[in-house]
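**Q** let me see the structure of the following:
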Amino acid sequence: MYALRIAKIIPQPNNNITFQLESTDGGYPPYKAGQFITLSFMFGDREVRRSYSLNSSPDYNEPLSITVKRVENGEISRLLHHTISEGDIVQAMEPQGLFIYEPEQYKVRTLFLFAAGIGITPLYSILKTALLVEEKSKVVLVYSNRSADQAPFREELEEWAKRFPDRLTIVWIYSNSKYLMKARLNRDYILSIVKDHLVGPKEDALCYTCGPVIYMDLCRFTLLGMGFDTNQIKRETFLLPENEEDDDDETEKVIDTTSYQIKLHFQDETYALEIPYNKSILDVGLEHKIKLPYSCRSGMCSTCIAQCSKGKVRMDYNEVLTDREMENGRILLCTGHPLEHGTEIEVL
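**A** Numbers count the residues shown, from 1 in each chain. All right, here's what the predicted structure looks like:
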């Protein structure tokens, strides 16, 4: 854990606040552009963790920063927006996440960044790293908001565009626009943006998306249809998708209510656990006071990746692991449920 001091609180449009953080011992935790940091809060004996993408860049001389949207009835959101003050200390875990950008100084490529609302936070970090470290790449930010006055970092982004006029293009999309064809991102709009701004080999381009699931699916399916490879398209999810189930599906759902015995290997210790059907492996591990790594608890952040070395595990939700990784036994503890007695899991 890192003890970080709230150095500055900066109001942002649309109920967002940026928190600049400083180390209490003179050093920042190392991180990569696009990663998130998890804050830990104790309420008596109860620990609550929340993850926030870093909008600061490790390649720019600026404070470690996160931006938090006010969420109605959000326990930690309310705390950060209404209680935390400059000078307060918060506990943070190591920065994590696979939604990262690895810059290559002399690479000639186009970097397409698709952001909706507060989804700009990790993409702002990536944008700065790409412009500062690389010399020949072109960055195209496609940024959707309700209106210009509700777009976080609008003035800062305009300054970056002035600083790098030949390498940064920003496509501002406002849903209150009277020009309805370009008031929202759509398939044809994506096609025209890529056609107009792609430089360098198409196979070298990278596409990052961050926003609502439907928004990211639109980007992904359109880009795949244009011939981009799946490895060129990356996404970061903040919230679980809603209404995943088909209300018209009347197929009888068969629920396995068996409790399975497993072995959990973690930090040179082996734990024999019984996992009931309605609890995840992470849930039971934490109940046994095992200090397992976790953050989002919803299958979206990669913190709790583990290896199933024996038996089988199903996951309720997964936004992180690829099909190949799952075929090779990778699982997420937070949404994972064993399907066989004797299942063995190695925490990575």
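
**Q** please make it C-alpha for all contacts and neighbour counts, starting now.
**A** Noted.

**Q** how much space separates residue 106 from residue 233?
**A** Distance check for residue 106 against residue 233: by Cα to Cα, to the nearest Å, it reads 21 Å.

**Q** between the two, which is the more surrounded one?
**A** Counting neighbours by other Cα atoms under 10 Å for residue 106 and for residue 233 shows that residue 233 has the greater number, 19 against 11.

**Q** can you count the residues close to residue 320?
**A** 21.

**Q** and the residue nearest the centre of the chain, what's its pLDDT?
**A** The centre of the chain sits closest to residue 236, judged by Cα atoms, centre = their mean, with a distance of 3.9 Å. Residue 236 carries a pLDDT score of 84 in this model.

**Q** so it sits against residue 210, correct?
**A** Yes. Residue 236 is within contact range of residue 210, at 5.1 Å (criterion: Cα atoms under 8 Å).

**Q** against residue 178, how distant is the residue nearest to the centre of the chain?
**A** Residue 236 is 30 Å from residue 178, by Cα to Cα.

**Q** same check on residue 34?
**A** 33 Å.

**Q** same check on residue 96?
**A** For residue 96 relative to residue 178 (Cα to Cα), the value is 41 Å.

**Q** over to residue 119?
**A** From residue 119 to residue 178 the distance is 24 Å (Cα to Cα).

**Q** next one: residue 71
**A** 29 Å.

**Q** now residue 42
**A** 48 Å.

**Q** dump the residue contacts of the closest residue to residue 54 other than its chain neighbours.
**A** Leaving out its chain neighbours, the residue that sits closest to residue 54 by Cα to Cα, 6 or more residues apart in numbering is residue 66, at 4.8 Å. The contact partners of residue 66, taken as Cα atoms under 8 Å, 6 or more residues apart in numbering, are 18, 19, 20, 52, 53, 54, 55, 56, 121.

**Q** can you rerun that using 10 Å?
**A** 17-21, 36-37, 51-56, 121-122 (Cα atoms under 10 Å, 6 or more residues apart in numbering).

**Q** mind listing what's buried in the longest strand anywhere in the chain?
**A** Ranked by residue count, the top strand of the chain under DSSP state E comes out as strand 2-12. For strand 2-12, a neighbour-count test (16 or more other Cα atoms under 10 Å) marks 2, 3, 4, 5, 6, 7, 8, 9, 12 as buried.

**Q** okay then, goodbye and thanks.
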